[in-house]
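>>> Quick one: sequence plus predicted model below, questions after.
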Amino acid sequence: MFFDPIYFLFVGPALVLSLWASWRTKSAFNKYSQVRTMRGLTGAQAAQAMLERSGISDVQVVPTNGFLSDHYNPVNKTLALSEAVYGSNSVAAVGVACHEAGHAIQHARAYKPLWLRSALVPTAGIGSNLGIFVMMFGLMFHSQNMVLVGAALFSLVLVFQVVTLPVEFDASARAKRLAGEYGLVAGAEQEGMNRVLNAAALTYVAAAASTLATLLYYLFRSGLLGGRSRD
C-alpha cells in the first residue's frame, strides 16, 4: 500500500499542506522569538495578566518540557507553557501564552465547542488507534464491511479535528483582541503576534485535511466511492 500511487494522489496535497503549515509555524515562531515586547513581559506573566484581567483566578500557569508543547488542561485548570514560551519575553512567546490563556477563558465562559472537544478525546483516541488498521485489513481481505467499520472509527478522529478548528480559531481571536485591549502588546508587536497565531492555526486545518484524504483513499480503494477494490 505504501507504493500505491493512488494513495499519494489522495494524501499528497494534504501532506504538502501539512509540511508547509509546519514550516510556516516554526518560521514565524523563530522570527518573532527574536523580537522582544516593549513591556518585557514573559509568556508566563502575559498569560497570568490576561487571566487576571478576565476575572480568572483559579488557573495555575506552569512550565512544561518540549518545543511548542503549550496546552491548557481543563481537568485540573493548569496552563502549561513550554520552555521557549514560559520565561521568554518575546512577541512569539506572549502570543502563544495568550492563545493558551484564551482556552482557559473559553473554559471559564463555558464555551460549548471546547466542552465538546474534551468529550470527544476518548473516542478520537479509539478511532486513531483502531480505525486505520481495520481499514487496512478490510482492503487486504477485500471486505467492504470491514472497511466501513474502520472508516466509521477513523471518522471519529476527523470529527474531533473539525470540532477543534473553531476552538483553536476562537482562542486565537480572544488572544489577539485581549492582548491589545490589556496592553500586553502594542503596535508592530500585535502584527507579529497575529502572524505567529495565524500560522499555527494552519496546522489544525492541515491535520483535518490529511485525515479526510486518508479516509477518502480507503473508501475509494474499497470501491465504496466508485473506485475498484485493490487486488
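Looks like it arrived, so ask away. Residues are numbered from 1 along each chain as shown.
>>> Helices along the protein, start to end?
In order along the chain, the chain carries the following helices (DSSP state H): 5-32, 43-53, 83-86, 91-108, 112-126, 132-140, 144-181, 188-221.
>>> Mean neighbour count and mean pLDDT for the ones you listed - can I get that in a markdown table?
Yep, even glycine has a C-beta here, placed from its N, CA and C like the rest. As requested, those are exported to a markdown table (neighbours: other C-beta atoms under 10 Å; pLDDT from 0 to 100):
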| stretch | mean neighbour count | mean pLDDT |
| --- | --- | --- |
| helix 5-32 | 16 | 95 |
| helix 43-53 | 22 | 98 |
| helix 83-86 | 22 | 96 |
| helix 91-108 | 27 | 98 |
| helix 112-126 | 15 | 95 |
| helix 132-140 | 18 | 95 |
| helix 144-181 | 19 | 97 |
| helix 188-221 | 20 | 96 |
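>>> Reformat the ones you listed as JSON lines; add distance to H71.
As requested, these are arranged in JSON lines below (distance: least, C-beta to C-beta, whole Å):
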{"stretch": "helix 5-32", "distance to H71": "15"}
{"stretch": "helix 43-53", "distance to H71": "12"}
{"stretch": "helix 83-86", "distance to H71": "11"}
{"stretch": "helix 91-108", "distance to H71": "7"}
{"stretch": "helix 112-126", "distance to H71": "12"}
{"stretch": "helix 132-140", "distance to H71": "24"}
{"stretch": "helix 144-181", "distance to H71": "11"}
{"stretch": "helix 188-221", "distance to H71": "12"}
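>>> Nearest to K77, out of these?
Shortest separation from K77 across the helices of the chain is recorded for helix 91-108, at 7.3 Å, computed as C-beta to C-beta.
>>> Which strands or helices does that closest one pack on?
Taking 3 or more C-beta pairs under 8 Å, 6 or more residues apart in numbering; DSSP states H and E as the contact definition, the neighbouring helices and strands of helix 91-108 are helix 5-32, helix 43-53, strand 71-73, strand 78-82, helix 83-86, helix 112-126, helix 144-181, helix 188-221.
>>> Tell me which of the helices of the chain lies nearest to N76.
Each of those was scored for nearness to N76 using C-beta to C-beta, and the closest is helix 91-108 (11.3 Å).
>>> what's in contact with stretch 183-190?
Applying C-beta atoms under 8 Å, 6 or more residues apart in numbering, the external contacts of stretch 183-190 come out as 35, 37-39, 41, 46, 49-50, 91, 94-95, 98, 176, 178-180, 193.
>>> make that stretch 118-126, sorry
74, 153, 156-157, 159-161, 163.
>>> List just the nearest of those to A171.
For A171, the nearest member of those is P74. The distance, counting by C-beta to C-beta, is 12.3 Å.
>>> Setting the sequence-adjacent residues aside, check what's closest to that closest one.
H107 (4.8 Å; C-beta to C-beta, 6 or more residues apart in numbering).
>>> For that neighbour, give me its contacts.
With contacts taken as C-beta under 8 Å, 6+ apart, H107 has the following neighbours: 72, 74, 77, 114.
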